[in-house]
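J.: Sequence first, predicted model second:
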Amino acid sequence: MSGILPASIPVEPPSNPHPFQKRGSLPGRNLTKPEWGEIQDPSELAEAQEKYWSWASSLARKLDERASVSSLDDHPTAEIERSTAVVNGLEGCIFVGHTNTDMDSVASAIGAAYLFNGTAARAEESLNGEITFALEYAGYQSWLREEGRQMPGAILGGDEEGLPPFFPRIPGATDPFSDRGICLVDCNAPEQMVAEVGAVAFPPPSTAEEETIPRAMAMRRRIRGIIDHHALADTISTLGPIFLDVRPWGSACTIIAHTYIRMARPFPLYVARLLLCGILSDTVNLTSPTTTVADRMLASLLIFYAKETRVNTLATDMFRAKSAFLTNLSPFEMVPPSHLSP
């Protein structure tokens, strides 16, 4: 529950001594570092890439080497992280974010589901334009067709539109007595959870009746973990210890990305692109006051795995897609019914 980077990651890594003056790429990657002179007005992401280029490129090579060379032993930290994930019940969980779904919520669920061999679920039936843009940009639907559906134990496909499945449609997801665990990402307050979890596990005291208590206790027992960057809600309670990773960072996707590093796991292309989009969305392209050093560092690393060269325009394209979506909504559609007074 610490927001401190491990000792293996320097807080202020050395900057590239030749800022954007020569091209370079990782072995086996088609990512070319852009020339500084080509950028008239560098974005915060471009500046973060420049500042942390040496650190990110070095770390990416090390992660790839450990994943591809069988003779290299796992780092002790990675072995502990993987064992802890199994013991705490994160393996095979349904990972779901908050209602009034945003980019960070969906992307962190997908990234965590891949990492822990679970299922990524969406909390809302419809998704905004920024999210659908990012899913298309990441190639999520193509991945499901070509690889995802054939990966036993990994993300369990998507719906007919190639999106992460809507939580209530996942078999057994709404059953309080199911043995399958649930991990909440980018949220922890009951009122932010999907109704099938929050309203069942934490019913208002005025409506709690004798017959609802067993269902409430059973649903609380299914909550195996919380991965979030918001303050813990006073109204959350569990029946026992759960996996808890809450850090004062700018995005839940930053936490998920850092967990990949701790577990010595490289990022698949589509996961890297979605996590990068999640960080850029929640930190407003690294300009929000909530942006931390960790957000900048992890975003610079994800650029490698995302094979991204449009560092100066990616966030702009995302925000335009979201704006175009919102202009087509009525005032009522912009405000979810759960936010309206009775």
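T.: Alright, I've got the coordinates.
J.: just so I have it, where are all the helices in the stretch 201-342 of the chain?
T.: Using DSSP state H, counting those that start in this stretch, the helices of the stretch 201-342 of the chain run over residues 212-222, 252-262, 269-282, 293-306, 314-326, 331-334.
J.: Chain neighbours aside, what residue packs nearest to A46?
T.: Residue nearest to A46 in three dimensions, not counting chain neighbours: V311, with 4.6 Å by CB to CB, 6 or more residues apart in numbering. Glycine gets a C-beta too; all of them are placed from N, C-alpha and C.
J.: The one you found: how many residues sit nearby?
T.: When neighbours are defined as other CB atoms under 10 Å, V311 has 26 of them.
J.: same deal with E124?
T.: In terms of burial, E124 registers 19 neighbours under the definition other CB under 10 Å.
J.: so what's it up against?
T.: When the contact criterion is CB atoms under 8 Å, 6 or more residues apart in numbering, the partners of E124 are T99, N100, T101, F166.
J.: surely the residue nearest to A46 meets L45?
T.: Yes. V311 is in contact with L45 according to CB atoms under 8 Å; the separation is 4.9 Å.
J.: so what sits against both of these two?
T.: Where contact means CB under 8 Å, 6+ apart, the residues bridging V311 and L45 through contact with each are I303.
J.: what residue ranges in this structure score low on pLDDT?
T.: 1-41, 69-74, 87, 147-161, 207-208, 322-342 (pLDDT under 70).
J.: could you redo the last one with a cut-off of 80?
T.: Within the chain, the stretches with pLDDT under 80 are 1-42, 66-79, 81-88, 144-162, 205-211, 322-342.
J.: For the top strand by length along it, which helices and strands make contact with it?
T.: Ranked by residue count and defined by DSSP state E, the top strand of the chain is strand 223-228. With contacts defined as 3 or more CB pairs under 8 Å, 6 or more residues apart in numbering; DSSP states H and E, strand 223-228 has these neighbours: strand 182-185, strand 243-246, helix 252-262.
J.: need those in CSV with distance to I226 and mean neighbour count, can you?
T.: Output for the helices and strands packed on strand 223-228, formatted as CSV (distance: least, CB to CB, whole Å; neighbours: other CB atoms under 10 Å):
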stretch, distance to I226, mean neighbour count
strand 182-185, 5, 29
strand 243-246, 5, 18
helix 252-262, 10, 26
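J.: Is it possible to get a markdown table of the ones you listed that adds distance to P214?
T.: Putting these into a markdown table (distance: least, CB to CB, whole Å) gives the following:
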| stretch | distance to P214 |
| --- | --- |
| strand 182-185 | 17 |
| strand 243-246 | 24 |
| helix 252-262 | 32 |
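J.: Out of those, which is closest to R82?
T.: Using CB to CB as the criterion, the shortest distance between R82 and those is 9.4 Å, found for helix 252-262.
J.: which ones are touching the nearest residue to H98 once chain neighbours are set aside?
T.: Nearest in space to H98, with sequence neighbours left out and distances taken as CB to CB, 6+ apart, is C187 at 3.5 Å. Taking CB under 8 Å, 6+ apart as the criterion, C187 is in contact with G97, H98, S105, M193, D228, H230.
J.: Out of these, which end up buried?
T.: Applying a neighbour-count criterion of 16 or more other CB atoms under 10 Å, the buried members of the contacts of C187 are G97, H98, S105, M193, D228.
J.: Is it correct that the first one is in contact with S105?
T.: Yes. With contacts counted by CB under 8 Å, G97 reaches S105, the gap being 2.9 Å.
J.: Can you check which residues contact both of the two?
T.: A123, V185, D186, C187, A252.
J.: Need the three-state assignment for the spatially most central residue of the chain.
T.: Nearest to the mean C-alpha position of the chain, by CA atoms, centre = their mean, lies S108 at 1.5 Å. Applying DSSP: H, G, I helix; E, B strand; the rest coil to S108 yields a three-state assignment of helix.
J.: Once you drop chain neighbours, what's closest to it?
T.: Skipping the residues right next to it in sequence, S108 comes nearest to A252 by CB to CB, 6+ apart, at 4.0 Å.
J.: From T291, how far out is that neighbour?
T.: A252 sits 14 Å away from T291, taking CB to CB, to the nearest Å as the criterion.
J.: Same question for G111.
T.: Taken as CB to CB, the spacing of G111 relative to T291 amounts to 19 Å.
J.: what's the answer for R145, then?
T.: According to CB to CB, R145 and T291 sit 35 Å apart.
J.: Kindly report the same for Y140.
T.: Y140 sits at a distance of 25 Å from T291 (criterion: CB to CB).
J.: More neighbours: these two, which one.
T.: Just comparing Y140 and T291: by other CB under 10 Å the higher neighbour count belongs to Y140, 26 against 22.
J.: Now for the closest residue to the more buried one other than its chain neighbours, how many residues are close by?
T.: In space, not counting the residues next to it along the chain, Y140 is nearest to Y270; the distance is 5.4 Å by CB to CB, 6+ apart. The criterion is other CB under 10 Å. On that basis, Y270 has 24 neighbouring residues.
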